[in-house]
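Chemist: coords please:
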Amino acid sequence: MLAGGAVKSALEAASTPWERETGHAVKAQYAPAGEIAKRLAAGERPDVLVVPAEALPALERDGLVDSATRRDLAIVSIGLAVRKGAVVPDISTPEKLKATLLAAHSLTYMDPARGTSGKHVDEVVLPRLGIRDAVRAKATLGEGGYIAEKVARGEVELVLHSLTEMAPVEGVVIAGPLPAGLQKDTTYSAVRMREAKHPEAAAAFLEALASPRAREAFISRGYRVP
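Modeler: Got it, this is the predicted structure:
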């Protein structure tokens, strides 16, 4: 399985009982959406792919995925977090978010060429607030994984990232989701690749990911489900 990092914690929890009950092993790799696209373009062919739903039409046109096997798993939103012990800012309105970002001496968000959240922050949020250049000048772009760890270690003051990739990080406090009008809700979908080497096991795994037990694994970790 090749999957976006935004759904890592729940996918790992949902995979474990299925592995135990079936005897199959799920060999999962997690990466930002941009990196996944590059790996697929280079010829990588996992059995199961979990990516933002918006990426699927192009993959279907290229004949890479079997859209009939699609299962929508979770909805992921973007938020802001600070280091534990710091003053938690109010970002409930665009004006308050703008003030918070301008006041920060340093921050991080995903490289827009690599991650869904970073692309939205860089191309939508910051331009709409009119502070793209000012924020970019003091931003450290993340390459993947739990970039909120930079905040936990004290390397930067705040992070803009998927809420589900900040929640597992100890040492940070989530200030909240982006305010209305600036938010991006991304649906992550699982699908079988047409060149899957283990098509039957992949199909069974997809059904398990769509089961009530798997939904609970997502919900209990703060995900919203379709």
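
Chemist: what's the single longest helix in the protein?
Modeler: Longest helix in the chain, counting residues (DSSP state H): helix 8-22.

Chemist: so how far is that helix from its chain's centroid?
Modeler: Centroid displacement of helix 8-22 relative to its chain, using Cα atoms, centre = their mean, to the nearest Å, is 18 Å.

Chemist: what's the spacing between the closest residue to residue 31 other than its chain neighbours and residue 3?
Modeler: Distances taken as Cβ to Cβ, 6 or more residues apart in numbering place residue 144 nearest to residue 31, at 6.1 Å, with adjacent residues excluded. All C-beta spots, glycine's among them, are computed from the backbone N, C-alpha and C. According to Cβ to Cβ, to the nearest Å, residue 144 and residue 3 sit 12 Å apart.

Chemist: What ranges does this protein have for its helices?
Modeler: 8-22, 33-41, 56-61, 94-103, 116-120, 126-129, 132-136, 149-152, 163-166, 199-209, 212-219.

Chemist: wait, which of these is closest to residue 109?
Modeler: For residue 109, the closest of the helices of the chain is helix 116-120, at 5.0 Å, according to Cβ to Cβ.

Chemist: follow-up on the earlier one: the residue nearest to residue 31 touches residue 35, doesn't it?
Modeler: Yes. Residue 144 lies in contact with residue 35 (Cβ atoms under 8 Å); the separation is 6.6 Å.

Chemist: who touches both of the two?
Modeler: Common contacts of residue 144 and residue 35 (Cβ atoms under 8 Å, 6 or more residues apart in numbering): residue 114.

Chemist: Compare neighbour counts for those two and give me the winner.
Modeler: More crowded of residue 144 and residue 35, by other Cβ atoms under 10 Å: residue 35, with 20 against 16.

Chemist: Let me see the contact set for the more buried one.
Modeler: Counted by Cβ under 8 Å, 6+ apart, residue 35 has contacts 114, 144.

Chemist: and the end-to-end length of stretch 54-63?
Modeler: Using Cα to Cα, to the nearest Å, one end of stretch 54-63 lies 16 Å from the other.

Chemist: That stretch: how far from the chain's middle?
Modeler: Centroid displacement of stretch 54-63 relative to its chain, using Cα atoms, centre = their mean, is 19 Å.

Chemist: Tell me where the model's unsure across this protein.
Modeler: Nowhere does the chain drop to pLDDT under 70.

Chemist: Residues contacting the longest strand anywhere in it, please?
Modeler: Using DSSP state E, we find that the single longest strand of the chain is strand 65-76. Strand 65-76 has contacts (Cβ under 8 Å, 6+ apart) with 6-7, 10-11, 49-50, 53, 56, 59-60, 162-164, 185-194, 202-203, 206-207, 209-210, 214, 218, 223-226.

Chemist: Put the alpha carbons of it into PDB.
Modeler: C-alpha atoms of strand 65-76 as PDB (Å, rounded to 0.1, in the frame of the first residue of the first chain):
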ATOM      1  CA  VAL A  65      -6.600   2.500 -11.000                       C
ATOM      2  CA  ASP A  66      -9.800   0.500 -10.900                       C
ATOM      3  CA  SER A  67     -12.300   3.100 -10.000                       C
ATOM      4  CA  ALA A  68     -15.000   0.500  -9.300                       C
ATOM      5  CA  THR A  69     -13.000  -0.500  -6.200                       C
ATOM      6  CA  ARG A  70     -12.800   3.000  -4.700                       C
ATOM      7  CA  ARG A  71     -13.600   3.400  -1.000                       C
ATOM      8  CA  ASP A  72     -13.800   6.900   0.500                       C
ATOM      9  CA  LEU A  73     -12.200   6.600   3.900                       C
ATOM     10  CA  ALA A  74     -11.800   9.900   5.700                       C
ATOM     11  CA  ILE A  75     -12.000  13.700   5.400                       C
ATOM     12  CA  VAL A  76      -9.000  15.700   6.500                       C
END
